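S.K.: for reference, the sequence and a predicted model appear below.
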Amino acid sequence: MDYRGYWLEEKGGCLSVKNIRDFNLTHIFECGQCFRWIRLQDGSYQGVVRGKSARVSQEGDVLYIENSCIQDFIDIWFDYFDLGTDYSGIKSALEKDPIMREAIETGYGIRILRQDFWEMLISFIISANNMIPRIMKTVESLSMLKGERIGAEGQHYGFPGMEALAAATLEELQQCKAGFRCKYILGTSRLMQDGKITAEGLGGMDTDGARKALMTLPGVGPKVADCILLFSGVKFDVFPTDVWVKRVMEELYFKREAGLKEIQQLADSNFGGLKGYAQQYLFYHARLNRIGMS
DNA sequence: AAACAGGGGTTAA
DNA sequence: TTAACCCCTGTT
């Protein structure tokens, strides 16, 4: 059947989605936005989304989702993979700049996943002063520790809810190897229980107000706040600047060392409201080509 | 084999 | 503005 320009078929418990454009699973899963998708030997990816485990793969303009059905596509995948957004338009708006043009060529299939706000909040607290393989291990063990068993054989775990983490002890959380970040996870979980900070609430504020509100939570500084806003789809006019983005901006735009403030200003004047997307293309480009190293 | 360097945001001083 | 925080990986 046709659903908003995509052709859907169910075959033997596998859903195929035809006519995907501006879409590459490697670009999407390796651009630093998510921590729960693992690349398997055959190039497919295994992950957990909204309390369900899934395996996805891609051949050209067809996306395959195992153990999924048309209703799941309508309920989950269309939104999760941001399939209602025209990335060709975003890319051509950004491509006026020759440096961005090259970054987009590298990561042409990037999409910003619409991930769960709570999961992003905790995941990016864990990401501070940390590297991706370790963040993935910590998120996984936190899920095994406090999340619910899911999957056909119960071999996977959903991301733990706010109540489960708020009720944990510091000693319990230390098992997931988050180190000094454990006290931030616990502190933020307990503060969040009053329900004063929500994705909807932040979405209604201006971007700077939303960032400041998030920064009242322990373990959330400016970079982590911007990641949370961007990767949960609350705000797209943020430019999370980690070491890789700093390096790529210095190497390609400034041709010198640059401070965080001037990087933010340049991103704003060059990319405007699309700077969140620009950051993703630049991050992927920088990491893949090790820009700014050596 | 054991010791050490490197990586990486936020917080508190 | 700068040191301390924690743990894993890679190198000596």
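M.R.: Arrived safely, thanks for sending. Numbers count the residues shown, from 1 in each chain, chains lettered A, B, ... in the order given.

S.K.: how about the strands in the stretch 51-200 of chain A?
M.R.: Counting by DSSP state E, counting those that start in this stretch, the stretch 51-200 of chain A has these strands, from start to end: A:52-59, A:62-66, A:149-150, A:156-157.

S.K.: which one of the ones you listed lies closest to DNA strand B?
M.R.: Counting by CB to the nearest atom of the strand, DNA strand B lies closest to strand A:156-157 out of these; the figure is 23.9 Å. Every C-beta, even on glycine, is put in place using the N, C-alpha and C of the backbone.

S.K.: pull up the pairing partners for that closest one, direction included.
M.R.: strand A:149-150 (antiparallel) (DSSP bridges).

S.K.: pLDDT on the strand it pairs with, on average?
M.R.: Here strand A:149-150 scores 94 as its mean pLDDT.

S.K.: also stretch A:53-65?
M.R.: Mean pLDDT, stretch A:53-65: 97.

S.K.: end to end, how far does that stretch reach?
M.R.: End-to-end span of stretch A:53-65 (CA to CA, to the nearest Å): 11 Å.

S.K.: re the thing from before, which of the strands of the stretch 51-200 of chain A sits closest to residue A:241?
M.R.: When the strands of the stretch 51-200 of chain A are compared by CB to CB, strand A:52-59 sits nearest residue A:241, at 29.8 Å.

S.K.: got the buried residues for that closest one?
M.R.: A:53, A:54, A:55, A:56, A:57, A:58 (16 or more other CB atoms under 10 Å).

S.K.: adding distance to residue A:221, write those residues out as JSON lines.
M.R.: Converted to JSON lines, the buried residues of strand A:52-59 look like this (distance: CB to CB, whole Å):
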{"residue": "A:53", "distance to residue A:221": "32"}
{"residue": "A:54", "distance to residue A:221": "32"}
{"residue": "A:55", "distance to residue A:221": "35"}
{"residue": "A:56", "distance to residue A:221": "33"}
{"residue": "A:57", "distance to residue A:221": "37"}
{"residue": "A:58", "distance to residue A:221": "35"}
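
S.K.: contacting residues for the residue nearest to residue A:14 when sequence neighbours are not counted?
M.R.: Nearest residue to residue A:14, sequence neighbours excluded (CB to CB, 6 or more residues apart in numbering): residue A:66, at 5.4 Å. With CB atoms under 8 Å, 6 or more residues apart in numbering as the criterion, the residues that contact residue A:66 are A:13, A:14, A:54, A:55, A:56.

S.K.: circling back to that earlier point, can I get the strands of the stretch 51-200 of chain A in TSV including distance to DNA strand C?
M.R.: TSV is the format used below for the strands of the stretch 51-200 of chain A (distance: least, CB to the nearest atom of the strand, whole Å):
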stretch	distance to DNA strand C
strand A:52-59	23
strand A:62-66	28
strand A:149-150	23
strand A:156-157	18
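
S.K.: what is the burial count for the closest residue to DNA strand C within the stretch 151-294 of chain A?
M.R.: When you check the stretch 151-294 of chain A against DNA strand C by CB to the nearest atom of the strand, the closest residue turns out to be residue A:179, at 2.1 Å. Residue A:179: 13 surrounding residues under other CB atoms under 10 Å.

S.K.: again with the one 3 residues further on
M.R.: Counted with other CB under 10 Å, residues neighbouring residue A:182 total 24.
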